[in-house]
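Chemist: dropping the sequence and predicted coords here.
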Amino acid sequence: MLVIDKDPQAIVAAHILQAGDARVSVCHGSFADMQKFAEEMEPGRAVQGVLLDLGVSSPQLDDPERGFSFMKDGPLDMRMNTSQGSSAAQWIQVAAEEEIARVMYEYGEERFSRRMARAIVAARADQKIIGTLQLAEIVKQAHPAWEKHKHPATRAFQGIRIFINNELGDLERALGVMLELLVVGGRMVAISFHSLEDRLVKQFIQKNVRGDDFPPGVPITYDQLKPRLKMVGKAIKVSADERDVNVRARSAMLRVAEKIA
């Protein structure tokens with residue numbers, strides 16, 4: 001079993017767990033590079049299954065020093081891999097207003113992204129935005145329609161986090177690599193926690209279940225479409241019982257597909 005994670009702290013935890021099972025190998029990096037890691041660990045070995053556990057983790061959210069949470073004050077970092085790339089604070093300080101708005105709209109689905117971006121640019125002209133609560137307050141004041149039971153900075157923080165970590169780009173790459181890595185009969189499992197992730201996974205599975213695209217009306221057989229996956233059951237949503245004991249799982253969606261060619 002090969003475990004891959006961007007987060008150095010998650011890697012430390014994985015190594016502790018690994019000590020109890022010699023079958024487990026741990027690699028620090030993106031799951032988009034799973035083929036490289038697999039070849040380094042055991043060249044040519046068949047891969048029977050891949051599990052993608054997407055998005056941010058509870059340890060990241062619960063540690064204010066990581067900068068993911070808008071509920072606790074900490075440095076505005078948001079990087080899953082703190083050893084590379086720019087932090088959210090560094091990016092916000094130099095990004096154009098249009099770019100900040102685009103990121104919050106595309107990756108956070110924030111409909112008031114332009115207002116928030118304008119407020120961020122105005123605030124950074126007076127002082128650097130370096131703290132999570134500092135950014136949360138700026139966004140909060142720029143949000144004209146607060147939703148019940150949802151912090152007004154939720155979508156903005158999600159959008160910035162996804163951008164900083166290239167989460168959707170890595171997911172797209174990982175899905176393609178995974179399909180080539182799996183043996184026929186091998187299965188892919190993906191657990192997503194928001195609609196953008198789930199949409200990518202769903203569309204990838206559907207495309208490879210359908211096979212090649214042909215013009216309407218072309219007389220071809222199913223085999224000629226060259227499908228590569230089959231769906232295994234329907235998408236599974238979190239149960240009410242699990243949601244009651246783990247509120248962060250409320251949006252979880254699990255999809256499974258099997259490689260057939």
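Modeler: Done, it's in.
Chemist: buried ones in stretch 120-132?
Modeler: 120-121, 123-124, 129-132 (16 or more other Cβ atoms under 10 Å). Yep, even glycine has a C-beta here, placed from its N, CA and C like the rest.
Chemist: so which of those residues sit within helices?
Modeler: 120-121, 123-124, 132 (DSSP state H).
Chemist: which of these sit farthest apart?
Modeler: Val121 and Thr132 (18.3 Å; Cβ to Cβ).
Chemist: tell me what the one helix or strand Met34 maps to is packed against?
Modeler: Using DSSP states H and E, the element containing Met34 is helix 34-41. If you count contacts as 3 or more Cβ pairs under 8 Å, 6 or more residues apart in numbering; DSSP states H and E, helix 34-41 packs onto strand 2-5, strand 25-28, helix 167-181.
Chemist: how big is the angle separating the helix or strand that it is followed by from helix 167-181?
Modeler: On the C-terminal side of helix 34-41, the nearest following helix or strand under DSSP H and E is strand 47-53. On the basis of axes from the mean of the first three to the mean of the last three Cα atoms, to 10 degrees, strand 47-53 is oriented at 170 degrees to helix 167-181.
Chemist: what residue is smack in the middle of the chain?
Modeler: Gly55 (3.6 Å; Cα atoms, centre = their mean).
Chemist: let me know the closest of the ones in helices among the buried residues of stretch 120-132 to Glu42.
Modeler: Nearest member of those to Glu42, counting by Cβ to Cβ, is Thr132, at 41.0 Å.
Chemist: let me see the contact set for the closest one.
Modeler: When contacts are counted by Cβ atoms under 8 Å, 6 or more residues apart in numbering, Thr132 touches 64, 67-70, 72-76.
Chemist: farthest-separated two in those residues?
Modeler: So, those by Cβ to Cβ: farthest apart are Phe70 and Pro75, at 13.3 Å.
Chemist: pick out whichever of the two has more residues nearby.
Modeler: Phe70 (21 against 15; other Cβ atoms under 10 Å).
Chemist: phi and psi next, for the more buried one.
Modeler: phi -90, psi 10 (degrees, to the nearest 10).
Chemist: so what's it closest to, chain neighbours aside?
Modeler: Nearest non-adjacent residue to Phe70, counting by Cβ to Cβ, 6 or more residues apart in numbering: Ala136, 3.8 Å away.
Chemist: hmm, the one you found is touching Ile160, no?
Modeler: No. Using Cβ atoms under 8 Å as the test, Ala136 is too far from Ile160 to be in contact (11.2 Å).
Chemist: comparing these two, which shows the higher neighbour count?
Modeler: Ile160 (28 against 22).
Chemist: quick one: contacts for Arg248?
Modeler: 58, 61 are the contacts of Arg248 under Cβ under 8 Å, 6+ apart.
Chemist: how far away is it from Pro59?
Modeler: 12 Å (Cβ to Cβ, to the nearest Å).
Chemist: find the helix or strand that the residue nearest to Phe70 is a member of.
Modeler: Per DSSP H and E: helix 132-142 holds Ala136.
Chemist: enumerate the positions of that helix that are buried.
Modeler: Neighbour-count burial for helix 132-142, counted by 16+ other Cβ under 10 Å, picks out 132-140, 142.
Chemist: right, I'll leave it there.
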